[in-house]
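>>> With the input below, show me the fold.
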Amino acid sequence: MLERALLACALALLACRSAAAASFDCTKATSSRDRLICATPHLSASDSEMARIYHADLSKLSNAGKASVAGSQRTWLHQLDTECPPNAVADGPGAISPAQCLARAYGERIQLLKAQVVQFGDIVFFEVDRNLTGLVKGEKLQSTAVYPQRDRPPSASWRAWNGRQVMSPASYSACDDGAGTAVTEVDVTFATSALVSVTRSDSYYCPPSPHGFGAAKQVTTLLSPSPHQLVAADLFVPGSHWEDFLTGKLDAAVSAMTTEDSGRKVANREKATDPGEWVMDRKGLTIAFQPYEFGMGRNFNPEAHVSWADLRPYLRPNLGLPPAQ
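Next comes the predicted model:
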């Protein structure tokens with residue numbers, strides 16, 4: 001009798017511990033998915049971790065920002081049973097169980113939520129993700145768009161910038177017949193009260209091709225007097241020889257990886273002085289080569305990173321850039 005009582009207590013404690021592990025009350029779980037999460041410790045832990053990050057995101061946002069992020073989360077939860085049917089049977093090569101599918105889905109969602117709210121000082125951005133479907137050349141194009149919005153935009157310039165980021169159903173496709181899948185992601189890499197820099201990545205899959213393709217570009221916008229794409233004179237003081245400074249940094253990065261003729265240095269100068277090649281972040285400015293940019297069979301990508309402190313002598317004032325460190 002004593003052993004049975006001890007076993008019953010142990011099982012009760014285990015049930016309580018499992019119930020507390022997920023973000024919801026497992027004693028009230030009714031759906032197949034929720035019961036599977038409660039019965040699988042690592043899924044319960046993932047569910048709890050996702051909820052923690054999600055609520056931390058909401059705590060940083062206005063009501064409008066909260067509504068957008070909450071809507072995105074509801075959509076993801078609604079689609080989860082379609083992506084990972086809880087009663088599916090893993091059968092055949094490469095098949096995965098419902099628990100394995102949920103583990104993968106939770107892992108991907110947690111990473112997205114970690115990046116969904118980004119803050120630079122008192123400037124807060126949240127990401128909007130939309131599934132967009134349109135007809136292109138008479139064929140169905142399924143596209144996914146992830147783009148940023150500044151929360152609580154304080155001026156007409158910021159509101160205009162927000163408007164420029166909004167993506168509607170795709171009107172074109174890189175696929176010859178229009179059919180396929182497209183994914184566009186825009187991530188804020190740096191922002192001040194005067195400018196905002198983003199990286200835009202576009203990728204396409206065009207059946208029956210066995211692989212996809214894509215491209216990425218950096219876009220920096222100066223907000224005043226009205227939003228416009230940054231030009232060199234917006235950032236650097238003319239006549240300060242910033243061109244020589246950046247070119248020297250890129251020459252050194254390239255020379256450390258390959259031996260090239262003088263023509264290479266001409267190309268380096270063109271790249272170093274092109275604002276479209278500048279990737280800005282909290283630490284400074286980076287100029288990077290893409291894989292194979294030196295030619296097929298030469299998969300290396302030298303890059304020059306220059307801190308804001310080192311750039312200070314060449315920069316225009318009043319851009320809200322980080323102080324020299």
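>>> Contacts only, for the residue lying closest to residue 212 once chain neighbours are set aside.
Spatial nearest neighbour of residue 212, excluding adjacent residues (Cβ to Cβ, 6 or more residues apart in numbering): residue 205 at 3.9 Å. C-beta here means a position set from N, CA and C on the backbone, and glycine is covered the same way. Going by Cβ atoms under 8 Å, 6 or more residues apart in numbering, residue 205 touches 180, 181, 182, 211, 212.
>>> Next, count neighbours for the last one.
What that stands for is residue 212. Here the number of neighbours of residue 212 (other Cβ atoms under 10 Å) works out to 14.
>>> what about the helices in the stretch 101-250 of the chain?
156-165, 232-235, 242-255 (DSSP state H, counting those that start in this stretch).
>>> quick one: residue 305 and residue 280 touch, right?
No - contact status for residue 305 versus residue 280: not in contact, 10.9 Å apart, counting by Cβ atoms under 8 Å.
>>> so where is the stretch 151-300 of the chain shaky, pLDDT-wise?
For the stretch 151-300 of the chain, the stretches flagged by pLDDT under 70 are 168-174, 177-178, 259-263, 291-292, 294-300.
>>> Go again with 90.
For the stretch 151-300 of the chain, residues meeting the criterion pLDDT under 90 lie at 167-184, 202-217, 224-226, 253-268, 288-300.
>>> So what's the residue count around residue 305?
Neighbours of residue 305 (other Cβ under 10 Å): 15.
>>> now residue 127
23.
>>> Let me know whether it touches residue 150 as I believe.
No - the criterion here is Cβ under 8 Å, and residue 127 misses it with residue 150 at 11.4 Å.
>>> ok, the residue nearest to residue 212 to residue 82 distance?
20 Å (Cβ to Cβ, to the nearest Å).
>>> Tell me the spacing between the closest residue to residue 120 other than its chain neighbours and residue 122.
The shortest distance from residue 120 to any non-neighbouring residue, by Cβ to Cβ, 6+ apart, is to residue 191 (4.4 Å). Distance, residue 191 to residue 122, using Cβ to Cβ: 10 Å.
>>> higher neighbour count, those two?
Just comparing residue 191 and residue 122: by other Cβ under 10 Å the higher neighbour count belongs to residue 191, 26 against 8.
>>> Next, the contact list for that one, please.
Counting by Cβ under 8 Å, 6+ apart, residue 191 has contacts 120, 123, 125, 197.
>>> Who is it paired with across the strands?
residue 196 (DSSP bridges).
>>> go on, residue 186?
residue 200.
>>> That one contacts residue 164, doesn't it?
No - under the criterion of Cβ under 8 Å, residue 186 makes no contact with residue 164, lying 10.3 Å away.
>>> Compare those two (neighbour count), which wins?
Of the pair residue 186 and residue 164, residue 186 is the one with more neighbours under other Cβ under 10 Å, namely 18 against 10.
>>> So that one versus residue 220, what's the distance?
Distance of residue 186 to residue 220, computed by Cβ to Cβ: 13 Å.
>>> Now for those two: what residues contact both?
Contacts common to residue 186 and residue 220, judged by Cβ under 8 Å, 6+ apart, are residue 198.
>>> which other residues reach stretch 153-169?
Taking Cβ under 8 Å, 6+ apart as the rule, stretch 153-169 contacts 128, 130, 132-134, 143, 145, 147-150, 184, 186, 196, 221, 223-224, 226-227.
>>> Now do the shared contacts for residue 305 and residue 280.
What both residue 305 and residue 280 touch, as defined by Cβ under 8 Å, 6+ apart, is the set residue 286.
>>> can you pull the contacts of residue 273?
By Cβ under 8 Å, 6+ apart, the contact set of residue 273 is 232, 243, 246, 247.
>>> Residue 103 now?
Per Cβ under 8 Å, 6+ apart, neighbours of residue 103: 42, 43, 46.
>>> want to try CSV for those residues, with neighbour count, secondary structure and distance to residue 310 as columns?
What follows is the contacts of residue 103, written out as CSV (neighbours: other Cβ atoms under 10 Å; DSSP: H, G, I helix; E, B strand; the rest coil; distance: Cβ to Cβ, whole Å):
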residue, neighbour count, secondary structure, distance to residue 310
42, 13, helix, 45
43, 21, helix, 47
46, 22, helix, 42
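>>> Of those residues, which is the nearest to residue 98?
residue 43 (9.8 Å; Cβ to Cβ).
>>> So that closest one sits against residue 104, correct?
No - the criterion here is Cβ under 8 Å, and residue 43 misses it with residue 104 at 10.9 Å.
>>> Can you show me the strands along this protein?
For the chain, the strands defined by DSSP state E cover 117-120, 123-136, 139-150, 180-191, 195-205, 213-222, 228-229, 278-280, 284-288, 303-307.
>>> Pull out the buried residues from the third one.
Residues of strand 139-150 classed as buried under the neighbour-count rule (16 or more other Cβ atoms under 10 Å) are 141, 143, 144, 145, 146, 147, 148, 149, 150.
>>> would you turn the residues you listed into TSV with distance to residue 111 and pLDDT?
Output for the buried residues of strand 139-150, formatted as TSV (distance: Cβ to Cβ, whole Å; pLDDT from 0 to 100):
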residue	distance to residue 111	pLDDT
141	26	69
143	21	80
144	15	84
145	18	86
146	12	90
147	17	94
148	16	97
149	20	97
150	22	98
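>>> All set now, cheers.
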